[in-house]
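> got a sequence here, can you build the structure:
(one chain, ligands or ions: 1)
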Amino acid sequence: MITEDRQADAGPIRKVSSSVVRRTTLLILFFAGLVGIMVAMGSTVLVAREERQRLQQNLVELMQTVERTASIAAFARDEQLASEVAQGLLRNRAVARVVIREGGRTLVEHGHDAEQRPNRVLPVLTRPLMSPFSPKEQVGELEVWPAIAKIEQDAGAYSRFIAIILALQLVSVVASVAWVVLNVVTRPVKKLSDELHHLRIGSGELIPLPAGHGHDEIGRLTGDINALIARMEGMLGAERELRAEREESERKFRLIFESAETGIFTLDSSGQLHDWNPWMARRLGLAPDGRSGPRSLRDILGDQASRLDALMVRVLADQRPAGADFALTRRGTGTLWLQLVLNPLPGNLMQGIVNDVTEQKQAEAHAIAMAERDALTGLLNRRGIEHRLGDALRALDGQSLALMLLDLDGFKQVNDTLGHEAGDRVLATVARQLESVVRRTDLVARPGGDEFVVVLQSLETVDTARFIAAKIVSTLSRPIDLGDGQRAQIGASIGIAYTESRQDSGDALMRRADEAMYEAKRAGKSQYRFAS
Ligand SMILES: Nc1nc2c(ncn2[C@@H]2O[C@H](COP(=O)(O)OP(=O)(O)OP(=O)(O)O)[C@@H](O)[C@H]2O)c(=O)[nH]1
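All right, here's what the predicted structure looks like:
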């Protein structure tokens, strides 16, 4: 991938690199050429002017050498001598015309017509001719016309020569500078750039130090780049390790999430599930992929949704975990008890854990039920009957209730003659007989010893209580077959407390029934009495 990217980029980068070399060369040549042309032009003008001045100075010096002879010729009005002086001057190619005057008259005038008239740059040179005997007396004038074309030609040739020398010098300097810049700076930088471009990060490669640049800026740049690469590789390695660790820990958490025997989910403040694990999907009938089916935990909890709302509000307000138990009634599988714990997350979300606590709840219910049952007969015990009697009284609604307190007659004798075990069997038989006489909705209990309690609920008239009591007395007065030829003869004395008021307390009813039961005992046993 990295290699492909590099290849894709290689073209433009190579172009840029080569253009750096080319551009450097072209720029050096351009500026050097510009400076060269300016220097050449300037030097041409300067050299030409210098050359002109030099030739002019030569003429002045030449005139000085013939001045004395010309003075004598002017003083003596010697045309022959003046002519020789003029001819002598004209031998110099820089002289175009010579005029020697004596007083106001031209003594001699030699020369050729100048191609160019003297001008301000190259004017006609004149020199006064003084008397050989009286230096203060002027006797004539020497006039020399410069050969302008010749002087200009010489000056031009010389300045061109100088310009060519300068140009050659400049070309060699420019070539040297270009060579130095290319080989000392541009090429090593381009090489560095190419190496960097082709470097495979993560392979442990470093950029080789360009030869001869161990101690200069390019060497330092290479070292710094290598240090950067090493640091980057270190960071990449650390990042790779971190990613591997994160992937491993994610894998572990995913495994826990997938296989946990606990529901794990994420919930928002409106009760919508965002994600859930397979356990949740199985227990709550959610789609495993999370894309279809119900997604609202409120809908799943049905009429307990308001309790979920309260729990969510508490968790989000306190920003602390909190939990509650919820009972789901399911068709066919009974009640499913779920213990839900919500933890606050950022963004008004909550992370939830849910456990199936149905077995615990059933065990608790069983333990509570057992605490209210008599172990020998399976009937309600004292605690059980007190509890249920209270419920039955509170549920009274225009109907009546009869509480019968039974005490067996002659039971001690059974124990004494047939043994305690036989006595237990008699108690269990009495329990079944009592249950068979009353309705399923009525209550039968054994508060202790040979005492039993029967609560008849939803009675239409007191006659029903009277009828049942008579039936119990009659049933329990029949001998009980204990097997092995053994028979137990007992009876039952019953006290009945009858009420239509839900204001009556269970204790009061028990006391009244107890008194009535003792009355029955006193009256001869095996009979019932209504409490007054
Ligand atoms: N086998 C057995 N005997 C019990 C149990 N609880 C109490 N008893 C006995 O039941 C007897 C009850 O005494 P009583 O009510 O005086 O005996 P009773 O012969 O029925 O006397 P009356 O009520 O006057 O007819 C005692 O002997 C207790 O020891 C029990 O769980 N099992």
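
> so which residues of the stretch 401-532 of the chain form helices?
411-418, 420-437, 462-476, 506-522 (DSSP state H, counting those that start in this stretch).

> for this structure, give the residue positioned nearest to the ligand.
Residue of the chain nearest the ligand, by CB to the nearest ligand atom: Gly423 (2.6 Å). C-betas here are computed from N, CA, C, even on glycine.

> what residues does the stretch 401-532 of the chain put near the ligand?
Within reach of the ligand by CB under 6 Å from any ligand atom, the stretch 401-532 of the chain has these residues: 407-413, 415, 420, 423-424, 427, 449-450.

> ok so, going back, now the helices of the stretch 401-532 of the chain in CSV, with distance to Ala40, mean pLDDT and mean neighbour count?
Listed next are those as CSV, based on distance: least, CB to CB, whole Å; pLDDT from 0 to 100; neighbours: other CB atoms under 10 Å:
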stretch, distance to Ala40, mean pLDDT, mean neighbour count
helix 411-418, 148, 95, 16
helix 420-437, 137, 96, 18
helix 462-476, 144, 96, 17
helix 506-522, 133, 96, 18
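
> would you reformat the ones you listed as a markdown table and include distance to Gly36?
Converted to a markdown table, the helices of the stretch 401-532 of the chain look like this (distance: least, CB to CB, whole Å):
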| stretch | distance to Gly36 |
| --- | --- |
| helix 411-418 | 143 |
| helix 420-437 | 131 |
| helix 462-476 | 138 |
| helix 506-522 | 128 |
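
> can you tell which of those is closest to Trp279?
Judged by CB to CB, the one of the helices of the stretch 401-532 of the chain that comes nearest to Trp279 is helix 420-437, at 43.4 Å.

> report the secondary structure state of Gln339.
strand (DSSP: H, G, I helix; E, B strand; the rest coil).

> report the beta-bridge partner residues of it.
Asp325, Asn355 (DSSP bridges).

> just for the stretch 201-350 of the chain, where's the confidence low?
When residues are selected by pLDDT under 70, those of the stretch 201-350 of the chain lie in 289-294.

> which residues of it fall in helices?
217-259, 278-284, 297-301, 305-318.

> tabulate those (a markdown table), appending distance to the ligand and mean neighbour count.
Shown next, in a markdown table, are the helices of the stretch 201-350 of the chain (distance: least, CB to the nearest ligand atom, whole Å; neighbours: other CB atoms under 10 Å):
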| stretch | distance to the ligand | mean neighbour count |
| --- | --- | --- |
| helix 217-259 | 52 | 12 |
| helix 278-284 | 45 | 18 |
| helix 297-301 | 47 | 19 |
| helix 305-318 | 45 | 15 |
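
> in TSV: the ones you listed, plus distance to Ser532.
Below are the helices of the stretch 201-350 of the chain laid out as TSV (distance: least, CB to CB, whole Å):
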stretch	distance to Ser532
helix 217-259	70
helix 278-284	59
helix 297-301	53
helix 305-318	49
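
> do you know how far the nearest residue to Gly323 once chain neighbours are set aside is from Leu255?
Excluding the flanking residues, the one nearest Gly323 by CB to CB, 6 or more residues apart in numbering is Val341, at 3.8 Å. Counting by CB to CB, to the nearest Å, the separation of Val341 from Leu255 is 21 Å.

> then Leu340?
According to CB to CB, Leu340 stands 23 Å off from Leu255.

> one more: Tyr518?
Taking CB to CB as the measure, Tyr518 falls 72 Å from Leu255.

> same question, Ala163
89 Å.

> for Thr475, same thing?
66 Å.

> swap in Ala76?
Where Leu255 is concerned, Ala76 sits at a distance of 138 Å (CB to CB).

> mind giving me the domain ranges of the protein?
25-156, 260-362, 372-530 (automatic domain parsing).

> ok, and what's touching stretch 406-417?
422-423, 426, 430, 434, 450-454, 472, 476, 488-494, 517, 521, 525-526 (CB atoms under 8 Å, 6 or more residues apart in numbering).

> any idea how far that stretch is from the chain center?
85 Å (CA atoms, centre = their mean, to the nearest Å).

> how long is that stretch end to end?
End-to-end distance of stretch 406-417: 22 Å, with CA to CA, to the nearest Å as the criterion.
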